[in-house]
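>>> Structure for this input, please:
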Amino acid sequence: MLKEFCIWLDVFILLGFTARYVYVIKTNKNIQPTLSTWIIFLLGTSLSLTTYLLAEHHDFRSGILNTVDVISVIITLCSILVWGNRTIRLHAFEKWYLAGAASIVIYGLYTGNAYHSNLFTQLLITFGYAPSVQKMLKEKRNMESFSAWSFSLLAGFIGLVPALIDGNTLAFIYAFRTIVCVSSFMLLMWYFHKPPINE
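Next up, the predicted model:
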């Protein structure tokens with residue numbers, strides 16, 4: 001019962017994150033998500049979900065956070081392409097990132113080890129924050145929405161519950177990585193936050 005509740009709650013929270021993020025991208029020009037970050041997130045979360053499903057025999061329920069994350073990233077990326085800053089330049093980092101993703105695919109195909117491939121994708125997703133962090137450090141101001149990212153952080157905590165109930169290590173790692181990455185990113189947002197920014 002608790003697991004089912006948390007699964008649906010996670011879906012609701014992540015859809016809330018997506019709706020809020022799309023809204024601020026469309027209406028608030030102070031909020032400027034970095035396009036390359038979300039392209040990287042799409043690549044990382046899709047690769048993570050694929051390797052997770054192969055390793056965990058298509059257990060969507062325990063890995064609900066990763067499953068809905070892919071949908072959320074697709075919608076967010078589309079909203080940036082429609083209403084946001086569509087400028088993209090592939091820096092050396094992004095090229096290395098793409099090479100890393102290709103390496104994981106090659107490793108997975110060569111070894112057949114989806115479990116270890118999934119672990120590598122968690123590192124890949126973590127590095128996906130780099131373009132946004134780099135942009136924030138360069139601009140010395142926050143260009144992200146606290147309210148939207150708060151939904152994502154909450155989803156990470158809720159996502160731990162189904163993973164723990166089922167003893168699903170990969171789902172737990174995904175949720176735990178989400179908590180660490182998002183909370184760290186929000187600390188940086190807070191550090192560079194210069195009101196007033198209507199979120």
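>>> Contacts only, for the residue nearest to Leu98 when sequence neighbours are not counted.
Spatially, and ignoring its direct neighbours in sequence, Leu98 is nearest to Leu43 (7.7 Å; CB to CB, 6 or more residues apart in numbering). Placement of C-beta: from N, CA and C, glycine included. Leu43 makes contacts with Tyr97, Leu98, Ala101, Leu124, as judged by CB atoms under 8 Å, 6 or more residues apart in numbering.
>>> Extract the CA atoms of the one helix or strand Leu43 maps to and return them as PDB.
Element membership for Leu43, per DSSP states H and E: helix 35-55. Output in PDB follows, covering the C-alpha atoms of helix 35-55 (Å, rounded to 0.1, in the frame of the first residue of the first chain):
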ATOM      1  CA  LEU A  35      19.800  23.900 -23.400                       C
ATOM      2  CA  SER A  36      22.900  21.700 -23.500                       C
ATOM      3  CA  THR A  37      22.200  20.500 -19.900                       C
ATOM      4  CA  TRP A  38      18.800  19.200 -20.900                       C
ATOM      5  CA  ILE A  39      20.100  17.500 -24.000                       C
ATOM      6  CA  ILE A  40      22.600  15.800 -21.800                       C
ATOM      7  CA  PHE A  41      19.900  14.900 -19.300                       C
ATOM      8  CA  LEU A  42      17.800  13.400 -22.100                       C
ATOM      9  CA  LEU A  43      20.700  11.200 -23.200                       C
ATOM     10  CA  GLY A  44      21.600  10.300 -19.600                       C
ATOM     11  CA  THR A  45      18.200   9.500 -18.300                       C
ATOM     12  CA  SER A  46      17.200   7.500 -21.400                       C
ATOM     13  CA  LEU A  47      20.400   5.500 -21.200                       C
ATOM     14  CA  SER A  48      19.900   5.000 -17.500                       C
ATOM     15  CA  LEU A  49      16.300   3.800 -18.000                       C
ATOM     16  CA  THR A  50      17.300   1.400 -20.700                       C
ATOM     17  CA  THR A  51      20.100  -0.200 -18.700                       C
ATOM     18  CA  TYR A  52      18.000  -0.200 -15.600                       C
ATOM     19  CA  LEU A  53      15.100  -2.100 -17.300                       C
ATOM     20  CA  LEU A  54      17.600  -4.600 -18.700                       C
ATOM     21  CA  ALA A  55      19.300  -5.200 -15.400                       C
END
